[in-house]
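Student: Please find the sequence and the predicted model below.
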Amino acid sequence: MADQFAASMASVEPGSVPSLRWEERPEGPVLVLLDQRRLPAEEVELVCTDVPALVDAIRSLAVRGAPLLGIAGAYGVALAAVRGFDVAEAAELLAHARPTAVNLAYGMQRARAAYEKALNDRLGREQAAAVTLAEARALHREDAEASARMAEHGLTLLEELVPGGGFRVLTHCNTGALVSGGEGTAFAVAGAAHRAGQLRRLWVDETRPLLQGARLTAYEAARAGMAYTLLTDNAAGSLFASGEVDAVLIGADRIAADGSVANKVGSYPLAVLARYHHVPFVVVAPVSTVDLATPAGSAIEVEQRAGHEVTEFTVVPPGAGAEPGTGVPVAPLGTTAYNPAFDVTPPELVTAIVTEHGVVSPVTRAGLAELCAGPQQGSGSEPG
Ligand SMILES: CSC[C@H]1O[C@H](OP(=O)(O)O)[C@H](O)[C@@H]1O
């Protein structure tokens, strides 16, 4: 068992997911998370030895972003299996940590199914745990491969949509390596354009209230050497009106079967602005974010978060998403706040959805289902 477990540990280089890694320690395996609430001021690591600690990290957005939540969900089940915790209980805790990003439930369920199949195949619990960890690692690698494919397909699409290159791209929230096994989703497309000398400007929405854009996308764009400019969410309208945006690139947390896209709040207004100003609005997400079991956008559960994230500034340490009262009040005490974490963009406002299997445009129910079934012919994607 030990050598099999060690072998499963060796399959992915440590640190290949900068924001999350599995680590073997004398006291047993742990999940090491880069605390995204503390970025960009501090690179602080959180060590999770059990699933409740991981659930707390997910709920407080110490670890966040749809694809990474899927990876975390899978490793969380593996952590429970290897440490001998109740796997079914751990899976349920993870499934209910955050409701909107389908990837979390997908990753958790994939690992849980691997564990339960191993037990049904009469493997011992230790061997079943090793199989579960191997499944989490496989999901982790697949996400990295998907990220590379999305970057390729997304860059090709941009070249078609914006002839002449020199793209001025507006993005919202954070969709880079911090949320992925690879370079991310929408940000990975911007990175590919940058490396090809085609990214003239990356416009970065600050993304209130937790400022994923100002804190995390700016952090990643700076590290990549991109020409980027931060703007308040409210300034996006005048930027479109000035003709300074060639395309919008955003991620997704759940894509319903009709092509409706749930993404960070503020995405829907960008889609309306893009339509009004005849600018392509492109969603970049792995097929693991498409949820064909959710028929339409109206059926997507949108996470409602605590009002103090709006009424207090909490982005300085102890970090975004901190407990109520630990931030700097900006509204009178007792102020109630409307704080949906996401909004839903209808398919008719989406120019294209880019996945590792290829691109669907226009976005239709049939086109999306076909894309989920496997790589488009000539899309260059490996079998998913
Ligand atoms: C490409 S997944 C990143 C996705 O997740 C973000 O939400 P959160 O920061 O609350 O996890 C946002 O919707 C991004 O588009």
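Tutor: Alright, I've got the coordinates. Being a predicted model, the structure only gives us computed values, none of them experimental.
Student: Surely residue 313 is in contact with residue 326?
Tutor: No. Contact criterion CB atoms under 8 Å: residue 313 and residue 326 do not qualify, at 10.5 Å. In short, each C-beta sits where N, CA and C put it, glycine included.
Student: overlap in contacts of those two?
Tutor: When CB atoms under 8 Å, 6 or more residues apart in numbering defines a contact, no residue borders residue 313 and residue 326 alike.
Student: ok, residue 30 - contacts?
Tutor: Taking CB under 8 Å, 6+ apart as the test, what residue 30 contacts is 22-23, 47-49, 79.
Student: Which one (most neighbours) among the residues you listed?
Tutor: With neighbours taken as other CB atoms under 10 Å, the top of the contacts of residue 30 is residue 79, carrying 29 neighbours.
Student: Quick one: mean pLDDT over the helix or strand containing it.
Tutor: Here residue 79 sits within helix 66-83, counting by DSSP states H and E. The pLDDT scores in helix 66-83 average 97.
Student: hmm, it touching the ligand?
Tutor: Yes. On the criterion CB under 6 Å from any ligand atom, helix 66-83 is in touch with the ligand at 66-67.
Student: Which other helices and strands does that helix contact?
Tutor: Contacts defined by 3 or more CB pairs under 8 Å, 6 or more residues apart in numbering; DSSP states H and E place helix 66-83 against strand 20-25, strand 28-34, helix 51-59, helix 87-95, helix 102-120, helix 125-161.
Student: if you set the cut-off to 6 Å instead, what comes out?
Tutor: Helices and strands touching helix 66-83, by 3 or more CB pairs under 6 Å, 6 or more residues apart in numbering; DSSP states H and E, are strand 28-34, helix 51-59, helix 87-95, helix 102-120, helix 125-161.
Student: If I take that helix and helix 102-120, what angle do their directions form?
Tutor: Helix 66-83 and helix 102-120 are oriented at 30 degrees to each other (axes from the mean of the first three to the mean of the last three CA atoms, to 10 degrees).
Student: How far off centre is helix 66-83?
Tutor: Put simply, helix 66-83 sits 15 Å off its chain's centre (CA atoms, centre = their mean, to the nearest Å).
Student: Return the residues of the stretch 101-250 of the chain in contact with the ligand.
Tutor: Counting by CB under 6 Å from any ligand atom, the stretch 101-250 of the chain sits next to the ligand at 173, 175, 179, 185, 212, 250.
Student: you'd agree the fourth one is up against residue 251?
Tutor: Yes. With the criterion set as CB atoms under 6 Å, residue 185 and residue 251 qualify as a contacting pair; they are 4.5 Å apart.
Student: which residues do these two both contact?
Tutor: Residues within reach of residue 185 and of residue 251 at once, by CB atoms under 6 Å, 6 or more residues apart in numbering, are 175, 285.
Student: Residue 375 is in contact with residue 355, isn't it?
Tutor: No. Using CB under 6 Å, residue 375 is not in contact with residue 355; the gap is 9.2 Å.
Student: neighbour count winner among these two?
Tutor: Using other CB under 10 Å, the more surrounded residue of residue 375 and residue 355 is residue 355, with 31 against 19.
Student: Any idea what that one is bridged to?
Tutor: residue 358 (DSSP bridges).
Student: I'd like to know how far the nearest residue in space to residue 34 that is not next to it in sequence sits from residue 209.
Tutor: Once flanking residues are discounted, residue 34 sits nearest to residue 19: 4.3 Å by CB to CB, 6 or more residues apart in numbering. Going from residue 19 to residue 209 by CB to CB, to the nearest Å gives 21 Å.
Student: Run through the residues that contact the closest residue to the ligand within the stretch 201-350 of the chain.
Tutor: When distances are taken as CB to the nearest ligand atom, the stretch 201-350 of the chain reaches nearest to the ligand at residue 251, 2.8 Å away. Residues near residue 251 by CB under 6 Å, 6+ apart: 175, 185-186, 285.
Student: quick one: the strands in the stretch 151-300 of the chain?
Tutor: 167-171, 199-205, 228-231, 247-250, 254-256, 261-264, 281-284, 290-291 (DSSP state E, counting those that start in this stretch).
Student: Could you dump the ones you listed into CSV with mean neighbour count added?
Tutor: Formatted as CSV, the strands of the stretch 151-300 of the chain follow (neighbours: other CB atoms under 10 Å):
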stretch, mean neighbour count
strand 167-171, 25
strand 199-205, 23
strand 228-231, 17
strand 247-250, 26
strand 254-256, 29
strand 261-264, 29
strand 281-284, 26
strand 290-291, 24
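Student: and of those, who's closest to residue 126?
Tutor: Nearest to residue 126 among those is strand 290-291; the distance by CB to CB comes to 33.6 Å.
Student: average pLDDT for the closest one?
Tutor: 98.
Student: Is that strand in proximity to the ligand?
Tutor: No. Strand 290-291 stays out of contact with the ligand when judged by CB under 6 Å from any ligand atom, the minimum separation being 12.9 Å.
Student: List the strands paired with that strand, with their directions.
Tutor: Take DSSP bridges as the rule and strand 290-291 pairs in its sheet with strand 254-256 (parallel).
Student: any idea how far the strand it pairs with is from the chain center?
Tutor: The answer for strand 254-256 is 13 Å, by CA atoms, centre = their mean.
Student: neighbours around residue 85, how many?
Tutor: 17.
Student: Any residues of the stretch 251-384 of the chain in contact with the ligand? List them.
Tutor: Checking the stretch 251-384 of the chain against the ligand by CB under 6 Å from any ligand atom, the hits are 251, 253, 263-264, 341.
Student: Pipe those residues into TSV and attach pLDDT per row.
Tutor: Listed next are those as TSV, based on pLDDT from 0 to 100:
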residue	pLDDT
251	98
253	98
263	98
264	98
341	97
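Student: How much space separates residue 210 from residue 312?
Tutor: 11 Å.
Student: same deal with residue 148?
Tutor: Applying CB to CB to residue 148 and residue 312 gives a distance of 39 Å.
Student: For those two, indicate the residue with more neighbours.
Tutor: Each of residue 148 and residue 312 has its neighbours counted (other CB under 10 Å); residue 312 has more, 22 against 15.
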